[in-house]
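Peer 1: model this:
(2 chains)
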Protein chains: 2
Amino acid sequence: MPYFDAASSAPLHPVARQALLAALDEGWADPARLYREGRRARLLLDAAREAAAEAVGCRPDELTFTPSGTRAVHLGVSGAVSARRRAGRRVVVSAVEHSSVLHAAGRFVVTEVPVDRLGRVSESAFAGALGPDGSGEGVALACLQSANHETGTEQPVAEVAGACREAGVPLLVDAAQSLAWGPVGAEWSLLAGSAHKWGGPAGVGLLAVRKGVRFAPQEPADERESGRSAGFENLPAIVAAAASLRAVRADAAADAVRLRGLVDRIRARVPELVPDVEVVGDPVRRLPHLVTFSCLYVDGESLLHELDRAGFSVSSGSSCTSSTLTPSHVLRAMGVLSEGNVRVSLPPGTESADVDRFLAVLPELVAGVRAKVGAPVAPVRSEESGGADESPVVDALGRRCPIPVIELAKLLPQVAVGTTITVLSDDEAARLDIPAWCEMRGQEYLGERPSDRGTAYLVRRVS
Amino acid sequence: MPYFDAASSAPLHPVARQALLAALDEGWADPARLYREGRRARLLLDAAREAAAEAVGCRPDELTFTPSGTRAVHLGVSGAVSARRRAGRRVVVSAVEHSSVLHAAGRFVVTEVPVDRLGRVSESAFAGALGPDGSGEGVALACLQSANHETGTEQPVAEVAGACREAGVPLLVDAAQSLAWGPVGAEWSLLAGSAHKWGGPAGVGLLAVRKGVRFAPQEPADERESGRSAGFENLPAIVAAAASLRAVRADAAADAVRLRGLVDRIRARVPELVPDVEVVGDPVRRLPHLVTFSCLYVDGESLLHELDRAGFSVSSGSSCTSSTLTPSHVLRAMGVLSEGNVRVSLPPGTESADVDRFLAVLPELVAGVRAKVGAPVAPVRSEESGGADESPVVDALGRRCPIPVIELAKLLPQVAVGTTITVLSDDEAARLDIPAWCEMRGQEYLGERPSDRGTAYLVRRVS
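Peer 2: Sure, this is the predicted structure:
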């Protein structure tokens, strides 16, 4: 059964499993103790730190093990910002950072740098945000992911790191999605990672803080991990994390070539096989194993469910928010369609035949989901029905994505070119998907205004 | 090789190992996902929560898994205090709480309730501390351990819980050391535990918050663990933790009887076999597997080292502080000797023969360590040497424990009864050990005063 959601959590690497088993026997004691079992645990911890530091590209004494990638980000952001209180309390982030970065930065004053339709920040916009913003609040920290977790788009980390150095602002790089593929080749100040993203076990994150970077841990500390992450070390998992990172790296170049080929096939074939699909993210500067696309007139959760029934485990781009009603902040920041969003992220061992089978079943499944919600079956014809209502309204209040867009798509061919349609909707996804639909269909989006209930979205038929 | 430090970290229980292995295969995916692997992970997580909640004695929706016991305490204290800002910011704790509790409480205003020489708080003193203290700062939270991690002394949790209820103050119980033996049979509001203390894996703590108890998480949250503990769940370890708690509980009654017998043997025999030993902690109301004693004129680290060479892994009562120079805050609060402190905590499988062997080697090892530091070999004779210095001084500046006490013990028999000896010392342990020595030897401790360097301790020979 093909599992295509490696970006959520990669299946445990065989080396991780093996190392974990060995360390359960050798590394259960407290590494702070001086007796035999404690010394043995300490040796394992030291060796794991050296191996992980080498893979990250830092010194062992710069590396802290945390209980998760999320904790690494939280501890890194709060420690770095707090140490630079005098500089200010502003944190500059890209608009598409992982929610853990946004949550941690949200404790301070946040400046979000927008991204383009491919999900990439511009170096110059990021550099500009490092300067004064008129509020008088200086910048304590900048955060930029190495690559995006929903679209795979790589960020210009080296260029932004240069701008940060010039501005005297430390840069925290969230490398959770890219560490499997190689070290971050840029002058970062802090770096965060997560072992279960590279095939290591759950329960291990990495926080690297370069020597010389000011850092003031904000939480109650103990003597563990140099006072940077409190609590008994999860040693067997740490050992497994370090061993598997090394193993994954040994195969990274070959895996990247293979997976990039499979992903390129999906990128090329899906728009050919499925009508009204938008493939999302940078086509070139991206992670090798990840591709995201959105399907017009499709309820993402239904499509995921159908794919699951067909044996494919994929994710909605809206990572970590399967239970919420709002579309992903990443897709929103990119201004792309969020309807029927599917993220495919392939684990290293993915078979070519599984990708082919995915491509074989997808068109039918999308068509089935579309039929259920009454979506237009073919691209909507542009035939005017004369003498219709001059200010037509689609009342989609109380109806969830993708209904508002479907109703709009059905009404539009019935009105005269030049007519403005008002779509009333209280579904958050409409805010993103109505403009995205206009762009895909070449219609003019005039904007939104508050309504008695929900929001009124204005669309003018131009063709 | 007998491992006698279960209170630091218990060896992994076979059931934990088995459950961990199974869950590595079944539970590596994200339980928030809706596909097959995610649903399977969610089922495992739900089942583990139910099992752990039953063992703790709470509802599953009251129980949060955290990455460690330390994190459970930190999150519990900060969430409970912050939710009661209006009541005040004072936290009442016993003076012998685990450092994680003291560190977390230290963010607020702390009232420490003293303990007696057995390490137990009095219910009435604790109840008194819940009332106004003249500062105008109200009490937000009370914290009391179920049993002490260094001495095994059980605290009067039920009585203190009653006092808290009357005062309208929530009670957090740190049950890390006792959960293996049974649920905390008292009306706690919050409870913290740690899996590797009961034979579960590292990387799992428990935080239970009773329904109706006000709680305001203070850290950046995500959708995991009801917003109370951020970061990807360490699911295989959680499954192993729950399974092993259940397994440990099934044998708890029988293990308790067996280990209590072994511990009683140590408690009785050590003072017979080794001169000048103080057995520490409550002789009756205590954990079944743990005993602590201190040896006069002994450097604890040297003794631990000798025991390790003889094959015994024990801890110094000064938990988590093997690298510091200050004696344990627990022993200090009790006012007992900290020199040559040894904590023996037996894992369930401990053989009777191993305890006998421990008792067989201990006297010789203590004697050896004492000989190295020039300790008085026998109880010091009380023979006066007439006409000596009338205000004799022991200058032990720059000398570490146990030297100051040894020099005092050597000088005392040489001065007239009624003479006051001044011991100059800059070693923190002297503050605890000189009064403790006086109590053991029936001499009068007159107190301390600051000196040019270090502190002057005044001791009057009375016998």
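
Peer 1: show me what contacts the residue nearest the centre of chain A?
Peer 2: With distances taken as Cα atoms, centre = their mean, chain A has residue A:149 as the residue nearest its mean C-alpha position (2.6 Å). Counting by Cβ atoms under 8 Å, 6 or more residues apart in numbering or on different chains, residue A:149 makes contact with A:7, A:98, A:176-177, A:319, A:330. The C-beta positions use only the backbone N, C-alpha and C, and glycine is treated the same way.

Peer 1: you'd agree it is in a strand?
Peer 2: No: looking at residue A:149 with DSSP: H, G, I helix; E, B strand; the rest coil, it is coil, so not inside a strand.

Peer 1: Where does the nearest residue to it once chain neighbours are set aside sit, in terms of helix or strand?
Peer 2: Closest residue to residue A:149 apart from its sequence neighbours, by Cβ to Cβ, 6 or more residues apart in numbering or on different chains: residue A:177 at 4.9 Å. Assigned by DSSP states H and E, residue A:177 falls within no helix or strand.

Peer 1: Residue A:177 touches residue A:286, doesn't it?
Peer 2: No: the criterion here is Cβ atoms under 8 Å, and residue A:177 misses it with residue A:286 at 10.4 Å.

Peer 1: Who has more neighbours out of these two?
Peer 2: More crowded of residue A:177 and residue A:286, by other Cβ atoms under 10 Å in any protein chain shown: residue A:177, with 27 against 23.

Peer 1: Contacts only, for that one.
Peer 2: Counted by Cβ under 8 Å, 6+ apart, residue A:177 has contacts A:7, A:145-149, A:152, A:197, A:287, A:290.

Peer 1: Counting neighbours, which of those comes out on top?
Peer 2: Ranked by neighbour count (other Cβ under 10 Å), the contacts of residue A:177 have residue A:148 at the top, with 34 neighbours.

Peer 1: the strands in the stretch 151-300 of chain A, which residues?
Peer 2: Using DSSP state E, counting those that start in this stretch, the strands of the stretch 151-300 of chain A run over A:171-174, A:190-194, A:205-209, A:277-280, A:290-295.

Peer 1: hey, C-alpha coordinates of the fourth one in CSV?
Peer 2: As requested, the backbone C-alpha atoms of strand A:277-280 are provided in CSV (Å, rounded to 0.1, in the frame of the first residue of the first chain):
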residue,chain,number,x,y,z
VAL,A,277,-5.9,21.4,-12.0
GLU,A,278,-3.3,23.8,-10.7
VAL,A,279,0.1,22.4,-9.9
VAL,A,280,1.5,24.5,-7.1
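
Peer 1: Same list (the strands of the stretch 151-300 of chain A) but as CSV, adding mean pLDDT and distance to chain B.
Peer 2: Formatted as CSV, the strands of the stretch 151-300 of chain A follow (pLDDT from 0 to 100; distance: least, Cβ to the nearest Cβ, whole Å):
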stretch, mean pLDDT, distance to chain B
strand A:171-174, 98, 14
strand A:190-194, 98, 7
strand A:205-209, 98, 7
strand A:277-280, 94, 20
strand A:290-295, 95, 15
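
Peer 1: Reformat the ones you listed as TSV; add distance to residue B:417.
Peer 2: As requested, the strands of the stretch 151-300 of chain A are arranged in TSV below (distance: least, Cβ to Cβ, whole Å):
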stretch	distance to residue B:417
strand A:171-174	69
strand A:190-194	66
strand A:205-209	61
strand A:277-280	91
strand A:290-295	85
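
Peer 1: Check the contacts of residue A:149 and tell me the two furthest apart.
Peer 2: A:176 and A:330 (13.9 Å; Cβ to Cβ).

Peer 1: Quick check, pLDDT for residue A:328.
Peer 2: Note on residue A:328: pLDDT of 87.

Peer 1: How much space separates it from residue A:342?
Peer 2: Note on residue A:328: its distance to residue A:342, by Cβ to Cβ, to the nearest Å, is 12 Å.

Peer 1: Likewise for residue A:218?
Peer 2: Taking Cβ to Cβ, one finds residue A:218 at 39 Å from residue A:342.

Peer 1: How about residue A:407?
Peer 2: In terms of Cβ to Cβ, residue A:407 sits 23 Å off from residue A:342.

Peer 1: ok, those two, which is more surrounded?
Peer 2: When neighbours are counted by other Cβ under 10 Å, residue A:407 and residue A:342 differ, and residue A:342 comes out ahead with 26 against 19.

Peer 1: Mind telling me what element the more buried one is part of?
Peer 2: Using DSSP H and E, residue A:342 falls in strand A:341-345.

Peer 1: what comes into contact with the helix or strand following that strand?
Peer 2: Next helix or strand after strand A:341-345 toward the C-terminus (DSSP H and E): helix A:352-372. Applying Cβ under 8 Å, 6+ apart, the external contacts of helix A:352-372 come out as A:2, A:4, A:262, A:265-266, A:269-270, A:273-274, A:277, A:295, A:297-299, A:302-303, A:306-307, A:310, A:312, A:340, A:344, A:346, A:377.

Peer 1: Quick one: buried ones out of those?
Peer 2: Burial by neighbour count, 16 or more other Cβ atoms under 10 Å in any protein chain shown: within the contacts of helix A:352-372 this picks out A:2, A:4, A:262, A:265-266, A:269-270, A:274, A:277, A:295, A:297-299, A:302-303, A:306-307, A:310, A:312, A:340, A:344, A:346.

Peer 1: For residue A:415, grab phi and psi.
Peer 2: Reported as degrees, to the nearest 10, the phi and psi values for residue A:415 are phi -110, psi 160.

Peer 1: What is the neighbour count of the residue in the stretch 351-463 of chain A positioned nearest to chain B?
Peer 2: Here the stretch 351-463 of chain A gets closest to chain B at one residue, residue A:358, 13.3 Å apart by Cβ to the nearest Cβ. Residue A:358 sits with 25 neighbouring residues when counted by other Cβ under 10 Å.

Peer 1: Need the per-residue pLDDT for it.
Peer 2: Reported pLDDT for residue A:358: 98.

Peer 1: just residue A:400 next, same as before
Peer 2: Note on residue A:400: pLDDT of 84.

Peer 1: Which residue, other than its chain neighbours, is closest to the residue in the stretch 251-400 of chain A that chain B sits nearest to?
Peer 2: Nearest residue of the stretch 251-400 of chain A to chain B (Cβ to the nearest Cβ) works out as residue A:313 at 3.8 Å. Take residue A:313 and drop its neighbours on the chain: the residue closest to it by Cβ to Cβ, 6+ apart is residue B:35, 3.8 Å away.
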